[in-house]
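Trainee: Next input, structure requested:
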Amino acid sequence: MHSAMGNSSEQEQIIEKARKRVIEAIGKNMDLYGITLSTGLLYGLMFFQDKPMTLDEMGEAMEMSKTSMSTGIRTLVDLNMVNKVWEKGSRKDLYEVERDWHQNFTDFFVIKWRKAVEMNLQAIRKSLSELRSLSGKHTEEDPLPNVRLQADIWKLTQAESYYLWLDRLIDTMESGEIYNLVPKEADEPVQPKP
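Mentor: A predicted model of the protein is given here:
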């Protein structure tokens with residue numbers, strides 16, 4: 001019986017070490033999403049939870065203030081990486097990780113890229129309109145401004161084409177069509193029963 005207890009303790013240590021390694025990797029890599037290390041570590045911690053967590057539980061586990069946890073959770077909720085859930089009998093807000101990482105990826109990049117596309121297209125189109133209005137107004141005496149004008153129009157037309165392509169890519173992500181082009185793994189793991 002003693003060896004079974006020792007084996008269980010050793011197993012727990014291995015599990016905790018494995019979890020810690022993944023949590024740290026997630027935390028360090030969340031800068032890709034513009035997320036701070038501490039918020040990334042919070043996401044990693046929540047990933048391994050079997051039930052939703054309150055801000056108090058998160059703060060205790062992370063040894064951070066409830067205010068810091070609230071800020072981190074708000075960021076993760078805004079990015080659709082964490083969901084606020086309701087549990088019967090609980091008066092506190094509960095949160096759990098969105099486990100579909102494919103959806104996390106698409107949600108995040110759709111939100112960020114859509115905003116960038118709209119902002120850049122607006123600037124490009126306004127500039128193109130202004131430059132095109134100048135296009136017929138050059139003089140033969142000074143051809144240099146006309147050369148620059150035509151070069152800028154060409155560059156901005158190329159940029160506009162790129163952002164329209166990116167907009168279509170975003171559409172495929174939003175609709176889920178992206179998975180027809182780049183399928184998820186066919187052999188997705190099945191969650192074990194407790």
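Trainee: what about the residue minimising distance to the centre of the chain, which helix or strand?
Mentor: Among the residues of the chain, the smallest C-alpha distance to the mean C-alpha position (Cα atoms, centre = their mean) belongs to Phe108, namely 3.4 Å. When elements are assigned from DSSP states H and E, Phe108 belongs to helix 101-134.
Trainee: In terms of secondary structure, what does that helix contact?
Mentor: Other helices and strands packing on helix 101-134, by 3 or more Cβ pairs under 8 Å, 6 or more residues apart in numbering; DSSP states H and E, are helix 144-175. C-beta here means a position set from N, CA and C on the backbone, and glycine is covered the same way.
Trainee: Pull out the buried positions in the helix it packs on.
Mentor: Buried residues in helix 144-175, counting neighbours by 16 or more other Cβ atoms under 10 Å, are found at 146, 149, 153, 156, 159-160, 163, 166, 169-170, 173.
Trainee: Let me have those residues in CSV, extended by distance to Gly89 and pLDDT.
Mentor: Formatted as CSV, those follow (distance: Cβ to Cβ, whole Å; pLDDT from 0 to 100):
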residue, distance to Gly89, pLDDT
Asn146, 74, 82
Leu149, 69, 90
Ile153, 65, 95
Leu156, 59, 97
Ala159, 55, 96
Glu160, 55, 97
Tyr163, 50, 96
Leu166, 46, 95
Leu169, 44, 95
Ile170, 41, 95
Met173, 38, 93
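Trainee: Looking at the residues you listed, which is nearest Glu60?
Mentor: Of all the buried residues of helix 144-175, Glu60 sits closest to Met173, with 36.7 Å by Cβ to Cβ.
Trainee: Okay, that closest one and Val182: tell me how far apart.
Mentor: In this structure, Met173 and Val182 are 10 Å apart, going by Cβ to Cβ, to the nearest Å.
Trainee: so what's the closest residue to Asp152 other than its chain neighbours up against?
Mentor: Spatially, and ignoring its direct neighbours in sequence, Asp152 is nearest to Leu131 (5.8 Å; Cβ to Cβ, 6 or more residues apart in numbering). For Leu131, the contact set (Cβ atoms under 8 Å, 6 or more residues apart in numbering) comprises 149, 152-153, 156.
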